[in-house]
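Undergrad: from the sequence below, what's the structure:
(2 chains)
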Amino acid sequence: MSTANKEIGPPVIELGAMGWLRKNLFSNWYNSLLTIFGLYLLYVLIPPLVNWIFLDANFTGSTRDDCTNEGACWIFIQQNIKLIFYGLYPTEELWRINIVYLILLISGAYLLIPNLKYKGWVGAFLLIIFPIICVVMLSGGLGLEAVETRLWGGLFLTLVIAGVGIVLSLPIGVMLALGRRSKLPVVSILCTIFIEIWRGVPLITVLFMASNMFPLFMPEGVNFDKLIRALIGVMFFSAAYLAEVVRGGLQAMPKGQYEASQAVGLTYWRMMALVILPQSLKMVIPAIIGSFIAIFKDTTLVLVIGLFDFLGIIQFVGTNPDWLGFSHEGYVFAAAVFWVFCYAMSWYSQRLEKKLDTGR
Amino acid sequence: METDKSKIGSFIFNRSVQGVFYQLITLGLVALGIYYIVTNTARNMLERGLASGFHFLGVESQFDIGMTLIEYSPTSTYFDSFIVGLLNTLLVAGIGILFATIIGFTVGIMRLSSNWLIAKIAEAYVEILRNIPLLLQIFFWYFAVLRALPKPKQSLELYDSFFLNNRGLFIPDTVFGEGSSIIFYMLWLTIIISIGIFIWAKRRQNRTGERFPAFYVSTALILGTFFISLAATGFPVSFEYPELKGFNFKGGVKLIPELVALTFALAMYTASFIAEVVRGGIMAVSKGQTEAAKSVGLKQNLILRLIIIPQALRVIVPPLTNQYLNLTKNSSLAAAIAYPDLVLVFAGTALMQTGQAIEIIGMVMGVYLFLSLFTSLIMNLFNRFMKVDGER
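TA: Down below sits the predicted model:
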C-alpha cells in the first residue's frame, strides 16, 4: 500500500543533459556503437585539421623560409593575395575594382535590410546603371586607362563571370520558359530544342565551342574577346537551366489565375508580367538560387580555355618556383572562399523561402 | 467602307491570324540567323583552308593515348581515338555512379538516423561537399593527394593485394582459366530461373494470397550453383596479384592516378546530392503509411520492403537518374587533369591537330546529348509505368 502514496516523478530518462544523451546517442546498443564510431571519426579528422590550419600554422613572414612550423603556411596566401583577388590587374588601377565592390556592397546591403524606402529605385540602379558603371570602371573609357581583359583574373574574374551569367541568364531563361509553354507550335518547338541542347551537354564542351567555334561564326574582322566568348557560353548554358526551373513554376500555377486574368481582359504580356510571373517566380526562388550556386561553382571551368579565374590563379601561383609544394594551402583557401559564397547563398534562399511563404 | 474596315480589323485582330504571323516572324528571324552564321562559317573556313566533312575520321591520328580500353596506337585513325575517348568516359562514369550510389544512399540514410551525432556528421558531409566546386575537388584529390603519395617502393598496401602510390592504384586481376565459361553459363541460367521464380511467386500470391520467399530461394540458388560449378570445374578462376618489380609494379590491373582522382572526386561530390535525393524520397512517404502497415499487422522488414521502399523509390529514381547524368557530364572535367576522356582526346588533341572544330565539337556534344535524351526517354517510360491510377 505504501507504494500508492509514493510520488511518481517525471520519467528522468527524457530530461536534462543525460536524458538527451540517452535519447539521441545511446538509445540502444547499435546506436551506442554508431555514436562511438562517430566520435572516433571526429577524433581522427578534426584535431589534425585544426592543428594544421590554426595551431601549427605559420602566419607571419614574407618568404617560404619563414614557414618553420609543421602546419599550413598561410604566408603563401598572404604574399600572393593581390594575384589571388585581382589577377594581373595593374596595381595603380585597383581602386577601380574596389569602388565597384563598394557600390555593390552598399546597394546590396540596402536591399537586404528590411523596411527601407526607395528599394525599387536602388534595385533599378543596380540592374540598369550599375552594369554601365562596371563596364566603364573595369575595362576603361571616359578618361580611364583601358585594361585588357587578359589582365583580369582571380576572385574578381570569378565574380564578373558569375555576376554576368546570373544577371543575363535570368531574363533569357524566363523568355525561353514562356516560349516553351507557348501555344504557337513553332515558338514552342524552337525553344524546346534550344533548351534541351544546352542542357544536354557539359559546360566544358560549351566553353570549347565558345572559344573554338564562335570565331568561325563571325564575319571577317569581328574578333571577340576571349572573356566575352566565355561569358556568352556561360550565359546561354545557365539560361537553359533557369528556363526549366521557371517552367516548373509556370506549370505549378493554378489554371484559374490564367482564366481570371484573361477574364479581366489582360493581354498575354500583361497577364504574364502582372499576374503569372510574379507568383510563379516567387514559388521557384529556392530553385533559382540553387541554379545561381551552380553557375557560381561552374565558373571555375573557364580555366580550361585559359582564363585565370580564382581557382586558375591559385593553380598558377602554386607553380611559381618560389612557392612550390604549397598546393594544399591554396586548395584549402579556395575551398573555404567558395564554400562561404555558396553557403551564404543557400542560407539566404532558405531565409527568403520562409519569409515569402504566404501559406498557400 | 464601314464593312470593309471592320473586316480588315477582324482579320488583323484574329487570334489565329496573329499566331501564324508571329510564328512566321520567329521562323524568319531564326532562319536569317542560321543563314548568317552558315555563310560566315563557310567563308571563314575557306579562308583558313579547312575542308568541311568527316573525311578526317579515317586519317591516321599520329598521337598516343595514355590509357586505352581497346587496341590503339598512333597509326590508328581519328575515329579510333573517338571510340577510345568515349569508352574512357563511360568507364569513369560507370565506376563513379557505382560509388556515388553507395556513398549517397549511406549518407542519405545517416541523415535520417535517430542518432544525433551520425545525422550531424552526414549533414556536415553534404553541406561541405556540395558547396565546393567539383573542379577544385578534382584538383585536390589529384594534385594534393595522389601526386603527394609515396613512390612505388613505399606504397600504401592492403592485404598485400591492393597498392596505392604516386603511379596509381594497383589491384588484383582476375584470370579466367580453362572451363570458366561453364560457370558463366550456369550463372546466366540460374538468373533466368530466378526471374521465373519471381514471376511465378507473384502470380501465386495474387491468386491465393500465400507468400513465397522468392528472394531467399533465388539467392541460394544462384550462389549455390555458382560455388558448386566453381568446385566442379576445379576452380579455374584465379587472381593475379600486382608485384613490385624494380621501380614499378607488374601484373594486376593498374588504375592511373587521373582515373582514381576523377572517380573519387565525382563519386564524393555527386554522393552529396544523391544523399539529399534519398533523404527527400524517404521523407516523402507519409507517416500514416507506416502506421497503416503496422495496423494491418505487417512485420517491420515487410513494412520497409513492401510499403516504404517502393513508394520512396518512385520519388527517388527520377532525380537520381538526373544525378547520374550530371556525373556523366561532369566527367568531362577530366580534361583539366589530363585523364584521356572524350573531351580531352577528341575535343582537345584531335581538334588541335585537325582544326575541324565544327565536326568534332558537334560529335562530342552529340554523344552527351544522346546520353541525356536517352535517359530522359527512359525516365518518361519509368514514370508512366510507375504512375498510380487516379494520380495527377
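Undergrad: close to chain B: what parts of the stretch 151-300 of chain A are there?
TA: A:183-187, A:190, A:196-197, A:199-202, A:204-205, A:208-209, A:212-213, A:215-220, A:293, A:297-298, A:300 (Cβ under 8 Å from any Cβ of the partner chain). From N, CA and C alone the C-beta is placed, and that goes for glycine too.
Undergrad: buried only: go through these for me.
TA: A:184, A:186-187, A:190, A:196-197, A:199-202, A:204-205, A:208-209, A:212-213, A:215-217, A:293, A:297-298, A:300 (16 or more other Cβ atoms under 10 Å in any protein chain shown).
Undergrad: does chain A sit close to stretch B:278-296?
TA: No. Using Cβ under 8 Å from any Cβ, stretch B:278-296 stays clear of chain A, with a minimum separation of 13.0 Å.
Undergrad: check the offset of that stretch from the chain's centre.
TA: Mean-position distance between stretch B:278-296 and its chain equals 29 Å (Cα atoms, centre = their mean, to the nearest Å).
Undergrad: span of it from start to end?
TA: 27 Å (Cα to Cα, to the nearest Å).
Undergrad: how close does the residue nearest to A:Gly141 when sequence neighbours are not counted get to chain B?
TA: Once flanking residues are discounted, A:Gly141 sits nearest to A:Val135: 7.7 Å by Cβ to Cβ, 6 or more residues apart in numbering or on different chains. The gap separating A:Val135 from chain B is 25 Å, by Cβ to the nearest Cβ, to the nearest Å.
Undergrad: so what are the domain limits for chain A?
TA: Per automatic domain parsing, the structural domains of chain A span A:90-146, A:155-356.
Undergrad: what about residue 23, neighbour count?
TA: All of this is about chain A. Residues lying near A:Lys23 (other Cβ atoms under 10 Å in any protein chain shown) number 15.
Undergrad: that's the other chain; I wanted chain B
TA: Neighbours around B:Gln23, by other Cβ under 10 Å: 18.
Undergrad: now it: how far from A:Val186?
TA: 4 Å (Cβ to Cβ, to the nearest Å).
Undergrad: cool, and B:Ser286?
TA: 44 Å.
Undergrad: who does the helix or strand where B:Leu32 lies touch, helix- and strand-wise?
TA: For B:Leu32, the element it lies in under DSSP states H and E is helix B:15-48. Here helix B:15-48 touches helix A:185-200, helix A:214-217, going by 3 or more Cβ pairs under 8 Å, 6 or more residues apart in numbering or on different chains; DSSP states H and E.
Undergrad: could you check the angle helix B:15-48 makes with the longest one?
TA: To tie it back to what came earlier, the one meant is helix A:185-200. Interaxial angle, helix A:185-200 versus helix B:15-48 (axes from the mean of the first three to the mean of the last three Cα atoms, to 10 degrees): 50 degrees.
Undergrad: helix or strand right after helix A:185-200?
TA: helix A:203-212.
Undergrad: next: the shortest one.
TA: Using DSSP H and E, the helix or strand that directly follows helix A:214-217 along the chain is helix A:226-252.
Undergrad: other SSEs contacting that following helix?
TA: Helix A:226-252 packs on helix A:154-180, helix A:185-200, helix A:203-212, helix A:214-217, helix A:277-283, helix A:285-298, going by 3+ Cβ pairs under 8 Å, 6+ apart.
Undergrad: relative orientation of the longest one and helix A:226-252 in degrees?
TA: Pointing back at helix A:154-180 there. With the same axes, to 10 degrees applied, the angle from helix A:154-180 to helix A:226-252 works out at 40 degrees.
Undergrad: and helix A:154-180, how far out from the chain middle?
TA: Worked out by Cα atoms, centre = their mean, helix A:154-180 lies 11 Å from the chain centre.
Undergrad: got the angle for that helix vs helix A:285-298?
TA: Using the same axes, to 10 degrees: helix A:154-180 against helix A:285-298 is 130 degrees.
Undergrad: avg pLDDT for helix A:154-180?
TA: Averaged across helix A:154-180, pLDDT comes to 91.
Undergrad: so which bits of that helix are buried?
TA: In helix A:154-180, counting by 16+ other Cβ under 10 Å, buried: A:154-166, A:168-170, A:172-174, A:176-180.
Undergrad: over to stretch B:219-230?
TA: So for stretch B:219-230, counting by 16+ other Cβ under 10 Å, buried means B:221-222, B:225, B:229-230.
Undergrad: for it, list the C-alpha coordinates in CSV.
TA: The C-alpha trace of stretch B:219-230 is given here as CSV (Å, rounded to 0.1, in the frame of the first residue of the first chain):
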residue,chain,number,x,y,z
THR,B,219,19.8,-16.1,-53.9
ALA,B,220,20.5,-19.5,-52.5
LEU,B,221,20.1,-21.0,-56.0
ILE,B,222,22.4,-18.5,-57.7
LEU,B,223,25.1,-18.6,-55.1
GLY,B,224,24.9,-22.3,-54.5
THR,B,225,25.1,-23.2,-58.2
PHE,B,226,28.0,-20.7,-58.6
PHE,B,227,30.1,-22.3,-55.9
ILE,B,228,29.2,-25.9,-56.9
SER,B,229,30.1,-25.2,-60.5
LEU,B,230,33.3,-23.5,-59.3
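Undergrad: what is the burial count for B:Val145?
TA: 18.
Undergrad: that one against B:Val260, yeah?
TA: No. Using Cβ atoms under 8 Å, B:Val145 makes no contact with B:Val260, being 9.4 Å away.
Undergrad: can you name the residue of the stretch 1-150 of chain A nearest chain B?
TA: Nearest residue of the stretch 1-150 of chain A to chain B: A:Asn24, at 3.8 Å (Cβ to the nearest Cβ).
Undergrad: what number of residues lie near B:Ser180?
TA: 17.
Undergrad: scratch that, A:Leu105
TA: A:Leu105: 10 surrounding residues under other Cβ under 10 Å.
Undergrad: got a list of contacts for the helix or strand where it lies?
TA: Element membership for A:Leu105, per DSSP H and E: helix A:94-112. Applying Cβ atoms under 8 Å, 6 or more residues apart in numbering or on different chains, the set of residues contacting helix A:94-112 from outside is A:82, A:86, A:89, A:116, A:119, A:122-123, A:125-126, A:130, A:133-134, A:137-138, A:144, A:156.
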